[in-house]
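Novice: this one's structure only:
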């Protein structure tokens, strides 16, 4: 619960004195793998990004009157400050935030502990896409759609049919095919009503899947975004999107990441498409009057994560 105490922001000299005199608990709040590499001597660790952070600190520092020195990565990183504020809200009476963090401690040449105390790993290693050809893994890729009207929204999925990517010197090219016959609703729980909506979407009112069974993104190009961070889109995607045999240019920012096994890639993002640009006019007030409850928003939202594996034979 909130207390009347405030976080005490301290500098390097005060932090060094705290550590050397063993004044209280020194708490490293970074991720455990980084703590294992290097940390301030005598420090204990509880990752502030974990949902069990407060429970972990309670086990490490059960006496909430004991002084606690909290440190994180250093300047420009909010981990230490966020942890200190959490401890105050948990009732700790004496919380000191070493704002310079591990960075200032290292820059001063002070002692360190850990398996690689002199290592200086990049905080956010750049995502470099290796040259090579990749094939879409349709089974693990996902496209979710959202359509809206005056009464709310419907959400569902549509399956990928195939696709490929080729990376060379950090730039990508490729294509994507979508099986429009697999449009499924996921929000309607009534087993009798759900097929009605799905048939409506498949009909000539919307996507006319009997005549146009696939949508496609051709001439896809991926260009790196120089200002990207590790948690923001890092590529600009452009291409020619075909739906109902109508071709329109498409451009959006996407996140391209290495997959967990380090051999594959994922491409994820969000976009809002004006369906009327592709001739899907049903319920649009731009093309019909006196629609009543048949009004449907022009924008369709797509959220997607496309998974790619190395192409065989490459």
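Specialist: Alright, I've got the coordinates. All of these numbers come straight from a predicted model, not from anything done at the bench.
Novice: let me see the ranges of the helices in this protein.
Specialist: 12-20, 32-37, 53-60, 79-89, 101-107, 194-202 (DSSP state H).
Novice: contacts only, for residue 239.
Specialist: In this structure, residue 239 makes contact with 175, 217-221, 249-251, judged by Cβ atoms under 8 Å, 6 or more residues apart in numbering. Where you see a C-beta, it was placed from the backbone N, CA and C, and this is true even at glycine.
Novice: one more: residue 210?
Specialist: Residue 210 touches residue 202, counting by Cβ under 8 Å, 6+ apart.
Novice: for it, give its distance to residue 273.
Specialist: Separation of residue 210 from residue 273 (Cβ to Cβ, to the nearest Å): 21 Å.
Novice: can you check residue 195 too?
Specialist: Distance of residue 195 to residue 273, computed by Cβ to Cβ: 24 Å.
Novice: what does residue 232 give?
Specialist: From residue 232 to residue 273 the distance is 22 Å (Cβ to Cβ).
Novice: who has more neighbours, those two?
Specialist: residue 273 (19 against 10; other Cβ atoms under 10 Å).
Novice: hmm, residue 298 and that one touching each other?
Specialist: No - assessed by Cβ atoms under 8 Å, residue 273 is found out of contact with residue 298, at 9.1 Å.
Novice: so this protein: which segments form each domain?
Specialist: 8-107, 132-310 (automatic domain parsing).
Novice: now render those domains as JSON lines, adding distance to residue 124 and mean pLDDT.
Specialist: Formatted as JSON lines, the domains of the chain follow (distance: least, Cβ to Cβ, whole Å; pLDDT from 0 to 100):
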{"stretch": "domain 8-107", "distance to residue 124": "11", "mean pLDDT": "96"}
{"stretch": "domain 132-310", "distance to residue 124": "4", "mean pLDDT": "96"}
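Novice: of those domains, which stretch is the most buried?
Specialist: Most buried of the domains of the chain by mean neighbour count (mean count of other Cβ atoms under 10 Å) is domain 8-107; its value is a mean of 18.
Novice: straight-line length of that one, end to end?
Specialist: 22 Å (Cα to Cα, to the nearest Å).
Novice: now do stretch 38-54
Specialist: Start-to-end, stretch 38-54 (Cα to Cα) is 23 Å.
Novice: stretch 282-298 too?
Specialist: 9 Å.
Novice: again, but for stretch 187-198
Specialist: End-to-end distance (Cα to Cα), stretch 187-198: 12 Å.
Novice: with stretch 236-256 instead?
Specialist: Start-to-end, stretch 236-256 (Cα to Cα) is 10 Å.
Novice: again with stretch 43-54
Specialist: End-to-end distance (Cα to Cα), stretch 43-54: 17 Å.
Novice: show me what contacts residue 112?
Specialist: 38-41, 105-106, 118.
Novice: repeat that with 7 Å
Specialist: By Cβ atoms under 7 Å, 6 or more residues apart in numbering, the contact list for residue 112 reads 38-39, 106.
Novice: can you redo those as TSV with distance to residue 239?
Specialist: Formatted as TSV, the contacts of residue 112 follow (distance: Cβ to Cβ, whole Å):
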residue	distance to residue 239
38	45
39	47
106	45
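Novice: wait, which of these is closest to residue 129?
Specialist: Of all the contacts of residue 112, residue 38 has the smallest distance to residue 129: 29.6 Å, by Cβ to Cβ.
Novice: state the number of residues packed around the spatially closest residue to the closest one that is not a sequence neighbour.
Specialist: Nearest non-adjacent residue to residue 38, counting by Cβ to Cβ, 6 or more residues apart in numbering: residue 114, 3.9 Å away. Around residue 114 there are 16 other residues, counting by other Cβ under 10 Å.
Novice: who's in contact with residue 114?
Specialist: Per Cβ under 7 Å, 6+ apart, neighbours of residue 114: 36-39.
Novice: equivalent analysis for residue 56, please.
Specialist: Contacts of residue 56 were listed using Cβ under 7 Å, 6+ apart, and they are residue 46.
Novice: could you tell me how far it is located from residue 86?
Specialist: Taken as Cβ to Cβ, the span from residue 56 to residue 86 is 11 Å.
Novice: and residue 130, what pLDDT?
Specialist: Per-residue pLDDT puts residue 130 at 85.
Novice: nearest spatial neighbour of it, chain-adjacent residues omitted?
Specialist: Nearest one to residue 130, counting by Cβ to Cβ, 6+ apart, is residue 167 at 6.7 Å.
Novice: is it correct that the one you found is in contact with residue 131?
Specialist: Yes - if you go by Cβ atoms under 7 Å, residue 167 and residue 131 touch, sitting 5.6 Å apart.
Novice: let's have the domains of the chain in TSV, adding distance to residue 122.
Specialist: Output for the domains of the chain, formatted as TSV (distance: least, Cβ to Cβ, whole Å):
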stretch	distance to residue 122
domain 8-107	11
domain 132-310	10
